[in-house]
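**Student:** coordinates only, no sequence provided:
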């Protein structure tokens, strides 16, 4: 996996609609790519343990850790989408703030996923 360039963390002081939307699109795209990589690692093992105590490894991660991360990414994204779909009486600024907060959440998920993917690439010790 190639290293992605370090991104500047989005701060509350530099929020503009264009920046937030561009950053959100980038984070969603990264999430999709990393989710696909995780699924490829899991599928590449040839085993899908039903037993939570199973100790299959991918690099320095257990297969269970990678599967749990996939489930978490799926769940978090579904929650964010549901949150944006909920009918509400928010102003445009409040909706913008909500999207900005979602962008920060996606950024955190992507950073964690990138770390796990890096560990999965390392040889088992």
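**Tutor:** All right, it came through fine. Keep in mind that what you see is a predicted model, and the values were worked out from it rather than measured.
**Student:** the helix or strand residue 83 falls within: how far from the chain's middle?
**Tutor:** Element membership for residue 83, per DSSP states H and E: helix 63-85. Distance of helix 63-85 from the chain centroid (Cα atoms, centre = their mean, to the nearest Å) equals 8 Å.
**Student:** please apply the same query to stretch 114-125.
**Tutor:** Relative to its parent chain, stretch 114-125 has a centroid offset of 16 Å by Cα atoms, centre = their mean.
**Student:** for this protein, which segments are assigned as helices?
**Tutor:** 17-44, 63-85, 92-121 (DSSP state H).
**Student:** wait, which of those is closest to residue 57?
**Tutor:** Nearest of the helices of the chain to residue 57, taken as Cβ to Cβ: helix 63-85 at 6.7 Å. Backbone N, C-alpha and C define where each C-beta goes, glycine included.
**Student:** which positions in the closest one come out as buried?
**Tutor:** Residues of helix 63-85 classed as buried by neighbour count (16 or more other Cβ atoms under 10 Å): 63, 64, 66, 67, 69, 70, 73, 76, 77, 80.
**Student:** now it and helix 92-121, what's the angle there?
**Tutor:** 170 degrees (axes from the mean of the first three to the mean of the last three Cα atoms, to 10 degrees).
**Student:** what pLDDT, on average, does helix 63-85 get?
**Tutor:** The average of the pLDDT scores along helix 63-85 is 90.
**Student:** quick one, what contacts residue 99?
**Tutor:** Residue 99 sits next to 20, 21, 24, 84 when contact means Cβ atoms under 8 Å, 6 or more residues apart in numbering.
**Student:** which secondary structure elements does the helix or strand bottoming out on mean pLDDT in the chain contact?
**Tutor:** Lowest by mean pLDDT, DSSP states H and E among the helices and strands of the chain is strand 57-58, with a mean of 84. For strand 57-58, the elements it packs on are helix 17-44, judged by 3 or more Cβ pairs under 8 Å, 6 or more residues apart in numbering; DSSP states H and E.
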